[in-house]
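Peer 1: here you go, sequence then predicted model.
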Amino acid sequence: MSRGPTAGLFNPVHPWTVQVLGDAGSAWLDSLKPAARAALPKKLRAAGMTTLIVAGGGRLKDPRPWSGARIDVQHDTTPAHERVHALRRNAALSGRHAVLHGVLLHVHGAGLLIEGRPGAGKSALALELIARGHALVADDAVEFARPAAGVLIGRSPGVIDGYVETRGLGVLDVRRMHGTRAVRARARLDLILRLAPGRPRALSAAERLAGRRGTRRVLGEAVPVLTLPQSGHNLAALAEAACLDRRLQLDGVDAPAALAQRQARAIKKRT
């Protein structure tokens with residue numbers, strides 16, 4: 001399958017995954033009214049942008065809207081055209097891509113890959129999340145690329161784009177069933193949800209505080225993994241909560257650590 005570039009010069013119309021901001025793009029941003037400039041990052045993030053590289057030694061006037069939209073802002077002294085050329089050249093030479101089995105969705109602004117053995121309920125969970133307003137990116141074979149350090153982008157092979165195969169129902173056309181907003185071209189991988197076989201087992205004290213969590217290396221990047229039993233819970237609600245929690249983690253919020261600190265202060269106060 002032909003792979004188009006995922007990086008390019010800053011363009012508010014073309015949904016490059018990695019956008020490089022040079023002098024022309026900076027001038028255009030500065031020409032916008034403050035309200036429009038502040039609203040732009042969320043629109044670009046919704047279109048699939050994940051990383052902004054400010055090239056040529058430049059700086060953003062106000063980086064807060066970009067961080068608020070969960071767009072990673074990097075700075076580089078290289079001229080913008082050279083930086084784009086280097087990104088595309090390195091991607092072409094390295095051929096760094098991988099295909100993972102599972103279902104990739106965009107849930108509450110986070111890219112969620114659902115994994116599990118055949119019959120674990122991956123597609124059923126995906127259909128429930130889509131019915132709750134979230135978007136499908138890819139089913140079964142998910143193609144991942146690493147356009148920049150710390151960035152993993154998943155997409156669907158073109159031939160199965162927009163389709164989900166589930167046991168008992170066969171192949172379903174998600175776009176026709178739920179509308180165009182129910183399907184996204186790509187999403188950044190933020191969390192892997194692994195459906196474990198069997199009934200829920202007893203959790204250790206650490207797992208009760210933080211859940212059954214681990215990490216997995218994908219193209220050299222560490223991706224958090226959350227394991228849930230495939231039966232016995234409302235998996236859609238848990239998946240939504242896990243994605244919201246992951247977004248908070250990316251913003252520096254660690255709920256288990258915050259609770260432990262609160263408990264320590266309370267104990268110290270009592271003693």
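Peer 2: Thanks, I have the structure now. Since we're looking at a predicted model, the values are computed, not measured.
Peer 1: quick one: the helices in the stretch 151-271 of the chain?
Peer 2: 174-178, 205-210, 235-250, 255-270 (DSSP state H, counting those that start in this stretch).
Peer 1: how about the stretch 1-150 of the chain?
Peer 2: Assigned by DSSP H, counting those that start in this stretch, the helices in the stretch 1-150 of the chain fall at 23-31, 34-46, 64-68, 80-94, 122-131.
Peer 1: so which of these comes closest to residue 104?
Peer 2: helix 122-131 (8.9 Å; CB to CB). The C-beta positions use only the backbone N, C-alpha and C, and glycine is treated the same way.
Peer 1: how far away is residue 114 from residue 227?
Peer 2: 12 Å (CB to CB, to the nearest Å).
Peer 1: who's more crowded, these two?
Peer 2: Neighbour count, other CB atoms under 10 Å: between residue 114 and residue 227, residue 114 has more, with 27 against 16.
Peer 1: my read: that one touches residue 101, true?
Peer 2: No. With contact defined as CB atoms under 8 Å, residue 114 does not count as touching residue 101 (10.2 Å).
Peer 1: what about residue 66, neighbour count?
Peer 2: 21.
Peer 1: looking at it, it is touching residue 39, isn't it?
Peer 2: No. Counting by CB under 8 Å, residue 66 does not reach residue 39; the two are 11.7 Å apart.
Peer 1: of the helices of the stretch 1-150 of the chain, flag the one that's most buried.
Peer 2: helix 122-131 (a mean of 21; mean count of other CB atoms under 10 Å).
Peer 1: what's near enough to touch residue 60?
Peer 2: By CB atoms under 8 Å, 6 or more residues apart in numbering, residue 60 lies in contact with 21, 29, 54, 66, 73.
Peer 1: ok, these vs residue 151, which is closest?
Peer 2: Using CB to CB, residue 73 comes nearest to residue 151 of the contacts of residue 60, at 12.4 Å.
Peer 1: mind checking pLDDT for that closest one?
Peer 2: Residue 73 is assigned 90 on the pLDDT scale.
Peer 1: next one: it from residue 52, what distance?
Peer 2: 5 Å.
Peer 1: what do the two both touch?
Peer 2: Counting by CB under 8 Å, 6+ apart, the shared contacts of residue 73 and residue 52 are residue 66.
Peer 1: which one's more surrounded, the two?
Peer 2: residue 52 (24 against 15).
Peer 1: specify the beta-bridge partners of the more buried one.
Peer 2: residue 19, residue 73 (DSSP bridges).
Peer 1: pLDDT weak spots in the stretch 151-271 of the chain?
Peer 2: Where the stretch 151-271 of the chain drops to pLDDT under 70, the residues are 198-210, 232.
Peer 1: mind redoing it with 80?
Peer 2: 158-159, 198-211, 231-233, 256, 271 (pLDDT under 80).
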